[in-house]
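1. here is my input; please provide its structure:
(chains A and B)
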Amino acid sequence: MSMKISTRQVDGVTILDLGGRITLGEGSVQLRDSVRDLLAKGQKKILLNLGDVNYIDSSGIGELVSAYTTVRNQGGELKLLNLTRKVHDLLQITKLYTVFDVKDDEASAIGAFAQA
Amino acid sequence: MTGQQASRITYTLDSSLDSVNKVEQTAEQLARKAGVDEDDIFRISMAVREAAVNAVLHGNAYDPEKRMTASFENTGADLVIRITDEGKGLDPATLPDPLAPENLLRGSGRGIFLIRSFMDEVHFRQLHPGTELTLIKHLGTAPTGA
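-> Down below sits the predicted model:
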């Protein structure tokens, strides 16, 4: 029922590969802590790869929004990559799809981050 | 604790995330058994999960002395799920619109909106104390929502 997170670096962008469920409790907390840790290390270009996220609830959606605003408020950028249809649909009906910068190709997503 | 009457099954559960997960899984099983399509199974189980989260988190505030009840029924025409809590009560009219531009970047407040988006009918009843949410999905209708 939990979420898996692994981290990698590509061209100065930190990619978080997320899998499983982002829900109230463990998943949301894991995501929050991961983003907080990256910001503490000065890593402010963050790409969340949601390709293996098969479920997200309103708490998880809220966590994505909070991550987005937290990173932005610290002068960074957070983008989303590889939305599943369910997550895509949820972002559409909550009108968040146009708030986030959503990509479906990793190379172009990395290229879309501002060059420091 | 479990009680059964005709095709209705009722659980009385503590105010925990385990209870939320159990209610979600039961809703998924109910919908699957009723033969609804995969998209609607997702929508129903998610709506019920959101209602259970609302009961446990916002209603009962994880109070170990307070219980959530969840009943599940297939009437043949509808799937009817009722979730009750023992909290202070919820007036849906006071909830901010999560789609309003000033609320879009809020980190919370989308649960009831998603429930309404995914179910055909949603009814609130004040229990003094507590709230009962009745979630209804009509069977044999075209999928709604996302």
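2. neighbours around the residue of chain A found nearest chain B, how many?
-> Per C-beta to the nearest C-beta, residue A:89 is where chain A lies closest to chain B, at 3.5 Å. (Each C-beta comes from the backbone N, C-alpha and C, glycine too.) When counting by other C-beta atoms under 10 Å in any protein chain shown, one arrives at 17 neighbours for residue A:89.
3. again with the one 3 residues further on
-> A count of neighbours around residue A:92, defined by other C-beta under 10 Å, yields 13.
4. then residue A:49?
-> Number of residues near residue A:49 (other C-beta under 10 Å) recorded here: 22.
5. so what's it up against?
-> By C-beta atoms under 8 Å, 6 or more residues apart in numbering or on different chains, the contact set of residue A:49 is A:15, A:16, A:17, A:18, A:81, A:82, A:106.
6. next one: the residue nearest the centre of chain A relative to residue A:41, how far apart?
-> Here the mean C-alpha position of chain A is nearest to the C-alpha of residue A:48 (C-alpha atoms, centre = their mean), at a distance of 3.1 Å. Going from residue A:48 to residue A:41 by C-beta to C-beta, to the nearest Å gives 17 Å.
7. buried residues, the strand ranked longest in chain A. List them.
-> Counting residues, the longest strand found in chain A (DSSP state E) is strand A:45-56. For strand A:45-56, the neighbour count (16 or more other C-beta atoms under 10 Å in any protein chain shown) marks A:45, A:46, A:47, A:48, A:49, A:50, A:51, A:53, A:55, A:56 as buried.
8. and the furthest pair within the residues you listed?
-> Greatest spatial distance among the buried residues of strand A:45-56 (C-beta to C-beta): A:45 and A:55, at 26.8 Å.
9. element containing residue B:19?
-> helix B:17-34 (DSSP states H and E).
10. now what about stretch A:10-23, what contacts it?
-> In contact with stretch A:10-23 (C-beta under 8 Å, 6+ apart) are residues A:1-9, A:27-28, A:31, A:34-35, A:38, A:43, A:45-57, A:59-60, A:63-64, A:81, A:106, A:109-110, A:113, A:116, B:49.
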